[in-house]
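K.L.:
okay, predicted coordinates and the sequence, questions at the end:
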Amino acid sequence: MPADPRQLRAARHAQPEPTAPPTRRKTPITADRIIDAALQVIATEGYDALTIRRVAAVLDTGPSSLYAHIVNKDDLDDLLIGRLCAEIELPEPDPAAWRRQVLDVYGQIRDQYLKYPGVSRAAMAMVPTHLETLRVGEGILAILLAGGIEVQTAAWALDALTLYVSGYTLEHSLVQQRQQHPDDDWVLSREELVDRFSALPADRFPNTRRYAAELTSGTGHDRFDFTLSLIIDNLAPHHRAANLPAAD
């Protein structure tokens, strides 16, 4: 039986039933998203601001959601350094160019750390377990060994060079942080340092007065390259004991 035209007209003019607004689905929390958020915090606020609660706030969730993916703050530190190490390109070890290769790899690490003020603290006093961090250590060790460096010397050089890069970048970030506060007038320019050194009593600080320009010289990463080269150039290749003549 055909529908009554009046009913059809009433249906056409009826107000639609209210429908519930579509629910906004949150993007699932993952380890990668946690690392992204942590690096965002460090880049904008510095490493000192990094806490599990702060990262959770960036992700618009609670700390408990993060603990489903990370163990604690130390675990997050390991993940952060692993992410930065994943960006490091390692060359095929070349015995003829091993010094330049070591400088290049550590220059890459330095630049990664400087993008995120203070993040090198996450790498200090930490035993690396992330595969990307271990990959970089393996690559540097392979370069040193290809250069003929004795195994124990290469192992300790790897530790010393890595520690220096972490310390260098940490100091760099601290100076930048303090320069942003006008009350911290102890952060002096090179010209101010030279003036202060030159005004010291000559009987007590003869060398500091005389060599004020040299003590405060160096722009950009000059001192970084100098220190790494100083260490690397003293890693003279050693002859293996098996190649030495036997003692009488």
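P.N.:
That came through fine.
K.L.:
return the set of buried residues in the lengthiest helix in the chain.
P.N.:
In the chain, with assignment by DSSP state H, the single longest helix is helix 151-179. Residues 154, 157-158, 161-162, 164-166, 168-170, 172-173, 177 are the ones in helix 151-179 that count as buried (16 or more other CB atoms under 10 Å). All C-beta atoms are positioned from the backbone trio N, CA, C, and that covers glycine.
K.L.:
report the central residue of this protein.
P.N.:
Tyr113 (2.9 Å; CA atoms, centre = their mean).
K.L.:
which is the next helix or strand following whatever helix or strand that one lives in?
P.N.:
Using DSSP states H and E, Tyr113 falls within helix 98-114. Using DSSP H and E, the helix or strand that follows helix 98-114 towards the C-terminus is helix 131-146.
K.L.:
contacts for that following helix?
P.N.:
78, 81-83, 85-86, 88, 90-91, 93-95, 98, 101-102, 105-106, 109, 128, 151, 154-155, 157-158, 161-162, 235 (CB atoms under 8 Å, 6 or more residues apart in numbering).
K.L.:
give the buried subset of those as a PyMOL selection command.
P.N.:
Buried residues among the contacts of helix 131-146 (16+ other CB under 10 Å), as a PyMOL selection:
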select buried, resi 78+81+82+83+85+88+90+93+98+101+102+105+106+109+128+154+157+158+161+162+235
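K.L.:
for the protein, give me the ranges with low pLDDT.
P.N.:
Along the chain, the parts satisfying pLDDT under 70 run over 1-25, 181-187, 238-248.
K.L.:
rerun that using 90 as the cut-off
P.N.:
Along the chain, the parts satisfying pLDDT under 90 run over 1-27, 125-129, 173-190, 219-220, 236-248.
K.L.:
just the element for Asp195, please.
P.N.:
helix 190-198.
K.L.:
give me the neighbour count for the closest residue to Leu163 other than its chain neighbours.
P.N.:
Leaving aside its sequence neighbours, Leu163 sits nearest to Met124 (CB to CB, 6 or more residues apart in numbering; 7.4 Å). Residues within reach of Met124, counting by other CB atoms under 10 Å, total 13.
K.L.:
quick check: the gap between Met124 and Phe197.
P.N.:
31 Å (CB to CB, to the nearest Å).
K.L.:
the closest residue to the residue nearest to the centre of the chain other than its chain neighbours: what's it in contact with?
P.N.:
Closest residue in space to Tyr113, ignoring its immediate chain neighbours: Thr169 at 3.9 Å, by CB to CB, 6+ apart. Each residue near Thr169 by CB under 8 Å, 6+ apart is listed here: Arg110, Tyr113, Leu114, Val119, Ser120.
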